[in-house]
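# Kindly generate the corresponding structure for this input.
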Amino acid sequence: MKVVILGAGRRGIRLARHLVEEHKDVVIVDHRATDVDNAMTSVDCLGVVASGTDVEDLRNAGIEDADAFIALTGSDETNLVSCGLVAAEFKIPITIAAVRNITYTAEDRKSNMLGITHIVNPSQAVASRIFSDIDRGLYSDIISFENMSLVLYNIYIDKKSKFKNVQLKKLRNILPGQFVVAAVSNGSEVMVPTGDTLVREGDTLSIAINEGDVTKFFDNVGTRRHKPRKVVIIGTTMVTEFILKMFTKRGLKNTTVISKDTAECRELALKYPSALIINENITNEGVFRREGLENYDLLISATDNDELNILVASYAKHYGVNGTIALINKNQDFVRMADHMDIDSLMSTQDITVDSIVRFLQGENVSTIHSMFDGRIEALEYTVDADCPLRGKMLKEINMKGKGLIVGAKKLDGRSILPGGNYCIDYGDKLLLVIERQSLNFIQRLLGMENTVI
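I've put the predicted structure just below:
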């Protein structure tokens, strides 16, 4: 399958790398020759110097036989116009535009504008992920899903962990309730484990568990969490505004925003009078003490400065704030450092944007997709339709060759379960799959998804 990406910036390169790792045919287009050269140096793909709003340039870039066109430049207008042009002139099946302006991303404008298939707002996608974690009361390193009550919880194994040097099949003797270890990472290597896999110091385990069992599970691993009642957000970025939009009036009364930008503070105060908006520089001496930040349950550092977000979130944790989230906009190296920093969650704008785009490319059967462990593992929700080859089979009859696991399922009656080997896959089941990205083609064939875009 062929995907043309307009924009050779960080997001374009990140998405191109994701697709190339899945053995897709990728072309990156940009009007700046230096950016195209940089993209081709970073990713094994074709790069073309061309304008995204010129029909002949796009034709010369090979757009005519593309399966999808994705516009990721820094200009909303360029992304919208180029996608509309491609949709009108070349009849490409899927066109996706990344747009930051709230005006263009209202619910009634997110699709079919100018014939565009999908519009993705990176700030809104990040805010939705953060709000979902807050709403569930799970603001540590937990991944939740839209259509089921199962979550993936990542546990880092330190030298004091009682799980160290224990085989996975023996963890059930230590931990109560039902759970499935879906993936194991030691930093340099990521695997879909077996029961014989030995847990070692420095490993991170990704565990699938029912949301109802989370409190008991947290009690046993020593990291009990509660839904945060008081939240403070640092920075008046678009992510902050989207989060505020999602809160109820009651939630806003328990929410504080701190920013050094006077004009933006005034604007937010007018839009959200129930929230407390404080015009302060978070790095000034005494701000934490004056504002009583140790009394907050959760601090979200959502400025445009990655280094500042890391420092503020880390300091807040040491100061006494129960939980912290730091937004990462540019430097992906910070995400890889997450396990070694005293921050509950690092939210990567690039990763979440790519997840949002890839979800649309996967077809109608996939409703949610999350990248894990620097993108080497993917967790996705897949709906079993009448044509799925797995329909009517028990899990023990399905040979996934160690490339993935079916770790959860939601039935048509609403029950979310962690299935055993005798579980029979039925029509309408929503399956939670955890798979190696490099093995995605194999998994797609297994599910009968060969004709999807990726």
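# Leu19 touches Val3, doesn't it?
Yes: at 5.7 Å, Leu19 counts as touching Val3 under the criterion of CB atoms under 8 Å. The C-beta positions use only the backbone N, C-alpha and C, and glycine is treated the same way.
# Point out where the stretch 101-250 of the chain drops to low pLDDT.
The stretch 101-250 of the chain contains residues with pLDDT under 70 at 104-112, 136-141, 176, 215, 218-226.
# what about 80?
The stretch 101-250 of the chain contains residues with pLDDT under 80 at 102-115, 133-144, 146-147, 156, 172, 174-177, 187-188, 211-227, 249-250.
# Now do the helices in the stretch 1-150 of the chain.
Taking DSSP state H, counting those that start in this stretch as the test, the helices found in the stretch 1-150 of the chain are 10-21, 33-42, 55-60, 76-90, 122-136.
# again with the stretch 151-300 of the chain
Using DSSP H, counting those that start in this stretch, the helices found in the stretch 151-300 of the chain span residues 214-221, 238-246, 249-253, 262-271, 287-290.
# Contacts for the fourth one next, please.
Residues lying outside helix 262-271 but in contact with it, judged by CB atoms under 8 Å, 6 or more residues apart in numbering, are Thr236, Thr240, Glu241, Leu244, Val257, Ser259, Ala275, Ile277, Ile278, Asn279.
# now with 7 Å?
Thr236, Val257, Ser259, Ile277, Asn279 (CB atoms under 7 Å, 6 or more residues apart in numbering).
# Who wins on neighbours among these?
With neighbours defined as other CB atoms under 10 Å, the most crowded of those is Val257; it has 27 neighbours.
# Quickly list what that one is bridged to.
When bridges are called by DSSP bridges, Val257 pairs up with Ile233, Ile277.
# Next one: it from Leu168, what distance?
Per CB to CB, to the nearest Å, Val257 is found 43 Å from Leu168.
# Are there residues contacting both of Leu19 and Val3? Which ones?
Both Leu19 and Val3 are contacted by Val26, under the criterion CB under 7 Å, 6+ apart.
# still on that earlier bit, identify, out of the helices of the stretch 151-300 of the chain, the most deeply packed stretch.
Of all those, helix 238-246 has the most neighbours on average by mean count of other CB atoms under 10 Å, namely a mean of 21.
# Not counting that one itself, show me its contacts.
With contacts defined as CB under 7 Å, 6+ apart, helix 238-246 is touched by 100, 123-124, 126-127, 130-131, 233, 252, 255, 257, 272, 275, 302, 327.
# ditto for stretch 323-339
Under the contact criterion CB under 7 Å, 6+ apart, stretch 323-339 has outside partners 10, 126, 130, 139-140, 156, 204, 228, 239, 297-302, 304, 306, 309-310, 313, 316-317, 343-350, 374.
# what about burial for these, which qualify?
The neighbour count (16 or more other CB atoms under 10 Å) marks 10, 126, 130, 139-140, 156, 204, 228, 239, 297-302, 306, 309-310, 313, 316-317, 343-350 as buried among the contacts of stretch 323-339.
# re earlier: quick check, nearest of the contacts of helix 262-271 to Arg289?
Using CB to CB, Asn279 is the member of the contacts of helix 262-271 that sits closest to Arg289, with 17.2 Å.
# Next, the contact list for that closest one, please.
Neighbours of Asn279 in contact, by CB under 7 Å, 6+ apart: Ser259, Thr262, Cys265.
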